[in-house]
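[1] Got a predicted structure plus its sequence, pasted below:
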Amino acid sequence: MQAWAIGFLAVLAMTNEASGAESANSKLSKNGLFLVQNAPKTLPKTELASFAAGCFWGVEQEFRKHKGVIATAVGYMGGQVANPTYEQVCEGKTGHAETVQVEFDPKTVTYTELLDTFWHLHDPTTLNRQGPDVGTQYRSIVFYHSADQKKQALKTRDELQASGELENAIVTEINPAADFWKAEAYHQQYVEKGGHAVCHIRRKKK
């Protein structure tokens, strides 16, 4: 991404934060993620899931609407630099991917259901890009938090590839969860604050 584009997005995001901050939830879960608007007052035992599927603005919004999701946050995972900034990640030199971390109630939604949403809200066959957004920070990744999550991620990936639904090979990485660095405040719940996730691509099921 060009430097002028990074600056433009930052200014645009901060403007939206100032004008629509009241519409976003700033209450935190026990894992430090931002509770969804209809989160139960007594929080259930939850689990974490982490997905990279291109620009994190629209991806977060999709998961915040998902049944059983308690809280979310956008940030950076999979890189080599501690506490990276958005500008550093956009330069492609830190190795991070734009990631959405999801806290969910496994009694209400299964991890497999979250995976199904992940596979269909972006194109997992495009390497280091989603739509107009190009760069390693936009690569497709499932970051698993347990051996069972890894097993399910591999299983659903292979089933999707074998289904014939996709014309090309899936390039999604399936990696162990690493340090999750929250993105700057103006990125959190960006769509709820009035921003437009123009980079978000939702792929329809056949």
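    The structure has been received and is ready for your questions.

[2] In this protein, where is pLDDT below threshold?
    Scanning the chain for pLDDT under 70 picks out 1-23, 197-206.

[3] how about the helices in it?
    3-20, 56-64, 86-90, 111-120, 147-162 (DSSP state H).

[4] how far away is Gly58 from Arg139?
    Gly58 sits 16 Å away from Arg139, taking C-beta to C-beta, to the nearest Å as the criterion. All C-beta spots, glycine's among them, are computed from the backbone N, C-alpha and C.

[5] before we move on, what about Lys150?
    The span separating Lys150 from Arg139 equals 18 Å under the rule C-beta to C-beta.

[6] of these two, who's got more company?
    Arg139 (22 against 17; other C-beta atoms under 10 Å).

[7] any idea how far that one is from Asn168?
    Taken as C-beta to C-beta, the span from Arg139 to Asn168 is 15 Å.

[8] how many neighbours does Ala24 have?
    18.

[9] my read: it touches Tyr186, true?
    No: taking C-beta atoms under 8 Å as the definition, Ala24 is not a contact partner of Tyr186, at 10.3 Å.

[10] Spell out which residues are contacts of both of these two.
    The contact sets of Ala24 and Tyr186 overlap at Lys193 (C-beta atoms under 8 Å, 6 or more residues apart in numbering).

[11] Would you mark the buried spots in stretch 54-67?
    By 16 or more other C-beta atoms under 10 Å, the buried positions in stretch 54-67 come out as 54-64, 66.

[12] Considering those, which is situated nearest to Leu127?
    Gly54 (12.0 Å; C-beta to C-beta).

[13] The closest one contacts Gln130, correct?
    Yes: Gly54 is within contact range of Gln130, at 2.9 Å (criterion: C-beta under 8 Å).

[14] which residues touch the residue most central in space within the chain?
    The residue lying closest to the centre of the chain (C-alpha atoms, centre = their mean) is Val100, at 2.7 Å. Contact analysis of Val100 by C-beta under 8 Å, 6+ apart lists 50-53, 56, 59-60, 63, 72-75.

[15] roughly how far apart are it and Glu87?
    For Val100, the distance to Glu87 - C-beta to C-beta - is 20 Å.

[16] Could you do Leu115 as well?
    31 Å.

[17] Lys45 now?
    From Lys45 to Glu87 the distance is 37 Å (C-beta to C-beta).
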